[in-house]
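Chemist: Following is a predicted model, sequence given first.
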Amino acid sequence: MHVQTVDYRSNDAPGHFVTSLRETGFAVLVNHPLPTALIGDIYRDWLDFFNGEAKQDYRFDPERQDGWFSTAVSETAKGSSIRDLKEFYHVFTWGRIPTELRDNALAYQEVASTLAAELLGWIEQCLPAEVTAGLSEPLSGMITASPNNLLRVLRYPPLSGDEAPGSLRAAAHEDINLITLLPAANAPGLEVRDRQGNWHAVSCEPGTMVVNVGDMLQEATAGWLPSTSHRVTNPTGEDARQSRISLPLFLHPRSEVVLSERHTADSYLNERLRELGIKK
């Protein structure tokens with residue numbers, strides 16, 4: 001499996017980017033416009049938050065799906081019976097955000113959402129005519145004014161050695177949304193599975209950004225773009241005693257957007273949240 005590393009500034013970036021998504025479900029961007037200093041500040045400040053007690057005041061709301069999800073209520077990947085070894089915070093523009101963390105989180109979400117709309121435009125340019133004809137509206141328009149775009153701040157805690165057998169920081173799964181933007185985490189661990197079932201590490205070099213196709217985009221393109229299984233593995237040695245922080249932005253359409261004859265964005269999302277065990 002060859003996940004392409006694409007220079008965002010190059011003239012042929014859109015074609016290489018979409019080719020990589022088409023072949024692997026993933027692409028890595030370099031020289032992208034996301035502010036690395038801001039990302040570093042967010043990682044530092046949110047790690048302090050996760051290590052403190054203030055998070056107890058922001059426990060997640062099962063209906064709104066905003067706030068802090070502890071390791072006890074973390075996701076269980078579809079097909080797995082063991083919860084992931086992670087805690088996370090859901091940042092929505094309309095949701096609860098700790099005051100001292102709010103400005104940086106929303107500033108990042110705004111610039112990353114702008115880039116995401118551009119990348120969806122790249123995808124639109126490269127879709128075959130028959131796939132484009134099947135879309136209910138242009139891809140970039142699906143996220144315009146969407147209240148569902150989700151910035152998730154993820155913390156994978158240090159490993160204690162008492163974890164359940166077979167548990168992973170994030171078990172094999174596919175994302176629900178259209179595309180995910182993931183700046184380089186503070187530690188490696190992300191892997192993607194090829195069509196033969198083999199796992200491959202994805203670049204975690206500082207300044208890189210991973211983009212992957214979600215199930216909603218696979219649904220909207222009738223499978224032309226694949227939503228590929230990926231996971232976060234458990235580190236060993238000294239690395240196992242360190243937290244891992246990552247910052248995925250999940251681009252979700254407006255709830256009423258029609259993805260296919262089977263699903264709107266809302267029906268698809270609620271079906272998957274129930275499968276993950278975080279909504280009844």
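Modeler: It's in. Residues are numbered from 1 along each chain as shown.
Chemist: By average pLDDT, which secondary structure element in the chain comes out worst?
Modeler: Ranked by mean pLDDT, DSSP states H and E, the weakest helix or strand in the chain is helix 265-276, scoring a mean of 86.
Chemist: what does stretch 142-151 rub up against?
Modeler: With Cβ atoms under 8 Å, 6 or more residues apart in numbering as the test, stretch 142-151 has contacts from 90-94, 105, 108-109, 112-113, 116-117, 120, 177-178, 220, 247-255, 257, 265, 269. For the C-beta atoms, the positions are set from N, CA and C on the backbone; glycine is no exception.
Chemist: Just the buried ones from these?
Modeler: 90-92, 105, 108-109, 112-113, 116-117, 120, 177-178, 220, 247-254, 257, 265, 269 (16 or more other Cβ atoms under 10 Å).
Chemist: Helices - which of these land there?
Modeler: Ala105, Tyr108, Gln109, Ala112, Ser113, Ala116, Ala117, Leu120, Ala220, Ala265, Leu269 (DSSP state H).
Chemist: can you give me the offset of the strand or helix carrying Ile39 from its chain's centre?
Modeler: Of the helices and strands defined by DSSP states H and E, Ile39 is found in helix 36-51. Counting by Cα atoms, centre = their mean, to the nearest Å, helix 36-51 is centred 17 Å from the centre of its parent chain.
Chemist: I'd like to know which elements that helix is packed against.
Modeler: strand 87-91, helix 99-126, strand 150-156, strand 244-246 (3 or more Cβ pairs under 8 Å, 6 or more residues apart in numbering; DSSP states H and E).
Chemist: how about a cut-off of 7 Å?
Modeler: In terms of contacts (3 or more Cβ pairs under 7 Å, 6 or more residues apart in numbering; DSSP states H and E), helix 36-51 is packed against helix 99-126, strand 150-156, strand 244-246.
Chemist: need the ones you listed in TSV with mean pLDDT and distance to Thr132, can you?
Modeler: Below are these laid out as TSV (pLDDT from 0 to 100; distance: least, Cβ to Cβ, whole Å):
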stretch	mean pLDDT	distance to Thr132
helix 99-126	97	7
strand 150-156	98	26
strand 244-246	97	32
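Chemist: so which of those comes closest to Arg64?
Modeler: Arg64 sits nearest to strand 150-156 of all those, at 11.6 Å, using Cβ to Cβ.
Chemist: Now do the buried residues in the least confident helix or strand of the chain.
Modeler: Ala265, Asp266, Tyr268, Leu269, Arg272, Leu273, Leu276.
Chemist: What is the nearest of the residues you listed to Thr5?
Modeler: Nearest to Thr5, judged by Cβ to Cβ, of those is Arg272 at 29.6 Å.
Chemist: Please name the nearest non-neighbouring residue to that closest one.
Modeler: Ile176 (4.6 Å; Cβ to Cβ, 6 or more residues apart in numbering).
Chemist: how about the ones in helices among the buried ones among the contacts of stretch 142-151, which pair is most distant?
Modeler: Ala105 and Ala220 (27.9 Å).
Chemist: how deep is the nearest residue to Ala117 once chain neighbours are set aside tucked in, by neighbour count?
Modeler: If the residues on either side of it in the chain are set aside, Ala117 comes closest to Ser140, at 4.8 Å by Cβ to Cβ, 6+ apart. Using other Cβ atoms under 10 Å, Ser140 has 18 neighbouring residues.
Chemist: Okay, buried residues for stretch 130-147 please.
Modeler: Neighbour-count burial for stretch 130-147 [16+ other Cβ under 10 Å]: Val131, Leu135, Leu139, Ser140, Gly141, Met142, Ile143, Ser146.
Chemist: ditto for stretch 203-215
Modeler: By neighbour count on 16+ other Cβ under 10 Å, the buried set for stretch 203-215 is Cys204, Thr208, Met209, Val210, Val211, Asn212, Val213, Gly214, Asp215.
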